[in-house]
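1. Let's see this in three dimensions:
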Amino acid sequence: MDAFQAIVLGIVQGLTEFLPISSSGHLRVVPALFGWEDPGAAFTAIVQLGTMLAVVVFFRHDLWGIARGWLAGLRNPALRRTGPSLLGWYIILGTIPISVVGFLVADTIENEFRSLELIGTTLILFSFVMLFAERRSRRTRAIDDLTLRDGLLIGAAQALALVPGISRSGATISAGLLLDFDRVAAARYSFLLSVPAVVLSGVFELRHVSEGGGAPAGATALATVLAFSTGYASIAWLLKYVAQHSIGVFAGYRIGLGILVLVLAAAGAIS
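-> Model (predicted):
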């Protein structure tokens with residue numbers, strides 16, 4: 001891997017981890033389009049730490065408040081029904097589905113769910129779910145209206161993103177919209193819910209680091225720094241964007257990319 005490949009893959013990881021266009025799908029498709037070799041599981045695991053750090057740093061004040069409220073609720077029953085304490089519980093419980101499913105089917109996801117045909121198909125099909133959610137939603141609820149049922153349903157939607165091409169943020173934002181949250185609330189909770197999922201995923205994937213091989217240390221470090229900076233910027237941008245715009249533009253992009261991937265894969269141009 002040279003510096004150019006590291007730059008491209010680092011930026012792709014940072015942008016697509018949080019935009020509803022599927023990071024796992026892009027990290028499979030982009031190298032195929034350029035004809036690059038797979039950088040290896042160790043590279044992917046380390047670069048993912050960059051996006052993990054980005055979401056933690058961006059929401060550090062929110063996360064600190066939630067953690068303090070949750071711990072206070074453990075000590076004082078009177079505080080257990082306050083906003084921060086409840087939100088902490090919703091995030092914890094909402095993380096269970098993706099943790100259980102991910103642990104049970106990790107090998108299947110890593111080895112059998114990586115075909116370009118599957119990714120192209122899921123990119124297209126889930127785009128229509130996003131468009132339906134955008135059209136169906138009344139967008140009348142704020143994040144303070146979140147209930148246990150909402151947290152569990154959005155958490156279940158997050159587990160769908162284990163299939164490459166679906167997108168974790170796309171699934172959770174769409175679920176939030178279908179539950180009538182406004183776009184900003186849906187996106188904000190999506191990012192807060194992503195923290196334990198991204199952290200656990202990053203730690204779980206670190207098991208591949210001992211395998212060695214793949215990208216050199218310098219290229220890996222460069223990609224990780226870029227994943228952090230672009231990930232941080234993409235979170236800030238998306239929160240501002242969805243305040244005034246629909247997520248339809250992302251669905252349109254996904255459909256176009258999915259069609260391109262299926263056509264090129266069928267023609268044997270990429271593999």
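
2. pLDDT of stretch 43-63, averaged?
-> Taken as a whole, stretch 43-63 has a mean pLDDT of 88.

3. before we move on, what about stretch 148-168?
-> Confidence over stretch 148-168 (mean pLDDT, whole number) is 94.

4. Nearest spatial neighbour of the residue most central in space within the chain, chain-adjacent residues omitted?
-> Geometric centre of the chain, nearest residue: residue 168, 3.8 Å, by CA atoms, centre = their mean. Counting by CB to CB, 6 or more residues apart in numbering, residue 161 is the residue found nearest to residue 168 once chain neighbours are left out, at 3.6 Å. To be clear about C-beta, it is placed using only N, CA and C from the backbone, and glycine gets the same treatment.

5. Go through the helix or strand of the chain with the lowest mean pLDDT and flag the buried ones.
-> Sorting the helices and strands of the chain by mean pLDDT, DSSP states H and E puts helix 106-112 at the bottom, at a mean of 74. Residues residue 109 are the ones in helix 106-112 that count as buried (16 or more other CB atoms under 10 Å).

6. My guess is the residue nearest to residue 168 contacts residue 170. True?
-> Yes: in terms of CB atoms under 8 Å, residue 161 counts as a neighbour of residue 170; the distance is 7.4 Å.

7. When the two are compared, which one has more neighbours?
-> residue 170 (28 against 25; other CB atoms under 10 Å).

8. Quick check: the more buried one vs residue 25, distance?
-> 10 Å (CB to CB, to the nearest Å).

9. Name the surrounding residues that touch stretch 173-180.
-> 20, 129-130, 133-134, 136-141, 150, 153-154, 156-158, 183, 185-187, 189-190, 242, 247 (CB atoms under 8 Å, 6 or more residues apart in numbering).

10. Go through the residues you listed and flag which are in helices.
-> Among the contacts of stretch 173-180, the members falling in helices (DSSP state H) are 129-130, 133-134, 136, 150, 153-154, 156-158, 183, 185-187, 189-190.

11. For those residues, which PyMOL command selects only the ones that are buried?
-> In PyMOL, a selection of the buried entries from those looks like this (16+ other CB under 10 Å):
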select buried, resi 129+130+133+134+150+153+154+156+157+158+183+185+186+187+189+190
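
12. quick one: the least confident helix or strand of the chain to chain centroid distance?
-> 18 Å (CA atoms, centre = their mean, to the nearest Å).

13. ok, which stretches of the stretch 51-200 of the chain are helices?
-> For the stretch 51-200 of the chain, the helices defined by DSSP state H, counting those that start in this stretch cover 60-75, 83-104, 106-112, 116-136, 148-160, 168-178, 183-205.

14. pLDDT of the fourth one, averaged?
-> Per-residue pLDDT values across helix 116-136 average out to 96.

15. before we move on, back to that, how about the contacts made by the residue nearest to the centre of the chain?
-> Going by CB under 8 Å, 6+ apart, residue 168 touches 17, 23, 158, 161, 190, 194, 197.

16. what comes up buried for stretch 137-146?
-> Within stretch 137-146, the residues that count as buried by 16+ other CB under 10 Å are 137, 141, 143, 146.

17. starting at the chain centroid, how far to it?
-> The chain centre lies 21 Å from the centre of stretch 137-146; the measure is CA atoms, centre = their mean.

18. now the end-to-end length of it.
-> Chord length of stretch 137-146, first to last residue, is 15 Å (CA to CA, to the nearest Å).

19. what's the spacing between residue 72 and residue 78?
-> 10 Å.

20. Next: residue 111.
-> In terms of CB to CB, residue 111 sits 50 Å off from residue 78.
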